[in-house]
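Q: I'd like to go over a predicted model; first the sequence, then the structure.
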Amino acid sequence: MKMIKPYYKSPDRAFTLLHGDSFKLLCEFDFKFSCIFADPPYFLSNGGISVQSGKIVSVDKGEWDKGKSQQEMMEFNIEWLGLCRDKLKDNGTIWISGTYHNIFSVATCLTELGYKILNVVTWAKTNPPPNISCRYFTYSTEFIIWARKSEKKPHFFNYDLMKQINGDKQMTDVWQLSAIARWEKSCGKHPTQKPLALLARIIMASTKPGEWVLDPFCGSSTTGIAANLLDRRYLGIDQEQKYLEISKNRQEELENQQTYQMYRSKIKDIQVMDSLYPSMVKEDSDITYGDLPF
Ligand SMILES: C[S@@+](CC[C@H](N)C(=O)[O-])C[C@H]1O[C@@H](n2cnc3c(N)ncnc32)[C@H](O)[C@@H]1O
């Protein structure tokens, strides 16, 4: 095993960043996570345009998102999903976000690799950007596949909490949540940053306080910020240093108790949880979840 040097580690060791290619780094250490969230390239950057705050903008995100053939996309997805499966605990689960461009390829690869698909959540954006061509319906959804490592081994689902958050009715697989808000970009912009409310729900649904969450395409580390706001531990990997800087700055903001509380108060699911179980975010001190080997 190679010696890995983290790009950043928070003082409480609950937020670690690695700089580099996940395809390589995931082969260089041994550790099992309870949950993985991955927001991989959707391979959408092909010169298209969209509208943001009333202005026409390019949809090109960067080199990492340049279009691939179906075959290349399958090869990409099968490789990283295989590496991630090795990093999951036997009862662990993985969430992968995407649009119609990549999500069918992801689903096929998951099944081929022996994962069991649990749900395909539809994130219905309450404030989608308009469709400027006026030749299609407005795109307003993204999909998030939730799968467990294996067919047989049961997974953890915080069913009761999800039901309570949903006004005491079973939560469905359609989540009405808004797109990213301005307050979430206080440390700089990532072109495909996910909203904290989405990641908070994912983490609350599938992990317990103290557990480890991995994000192999972490960008600005929305996953890690949501994890830390909920007292979970986090490892994020990205190949672009500029995004790791945003990640680090976002985590450092949380060291200010007022900012930490302010972010928690802006996420509705966390507010509901706090009103129901005021001490729920505290880790169970009888259980140890171990530490990363670097
Ligand atoms: C869709 S974005 C993730 C955004 C993130 N969910 C957020 O909220 O900020 C995908 C990220 O994956 C990174 N990436 C792409 N290929 C990678 C690879 N092979 N290894 C590590 N990072 C990679 C890109 O730099 C980009 O920041």
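A: Arrived safely, thanks for sending.

Q: please tell me how far whichever residue of the stretch 101-250 of the chain sits closest to the ligand sits from residue 245.
A: Nearest residue of the stretch 101-250 of the chain to the ligand, counting by CB to the nearest ligand atom: residue 219, 2.7 Å away. C-beta: built from backbone N, CA, C; applies to glycine. Distance of residue 219 to residue 245, computed by CB to CB, to the nearest Å: 12 Å.

Q: between these two, point out the one with more neighbours.
A: Shown here are residue 219 and residue 245; by other CB atoms under 10 Å, residue 219 has more neighbours (22 against 16).

Q: now do the more buried one, the pLDDT please.
A: Per-residue pLDDT puts residue 219 at 98.

Q: show me what from the stretch 51-200 of the chain comes close to the ligand.
A: Within reach of the ligand by CB under 6 Å from any ligand atom, the stretch 51-200 of the chain has these residues: 64, 190, 192-194.

Q: go through those and name the one nearest residue 36.
A: residue 194 (14.4 Å; CB to CB).

Q: tally up the residues packed near that closest one, please.
A: Residue 194 has 24 nearby residues by other CB under 10 Å.

Q: next: residue 137.
A: Neighbourhood size, residue 137 [other CB under 10 Å]: 6.

Q: just the pLDDT at it, thanks.
A: pLDDT, residue 137: 95.

Q: for it, which residues are in contact?
A: residue 131 (CB atoms under 8 Å, 6 or more residues apart in numbering).

Q: circling back: test my guess that the residue of the stretch 101-250 of the chain closest to the ligand contacts residue 243.
A: Yes: assessed by CB atoms under 8 Å, residue 219 is found in contact with residue 243 at 5.0 Å.

Q: who touches both of the two?
A: residue 190.

Q: low pLDDT regions in the stretch 151-294 of the chain?
A: 279-286 (pLDDT under 70).

Q: residue 253: how many residues sit nearby?
A: Neighbours around residue 253, by other CB under 10 Å: 15.
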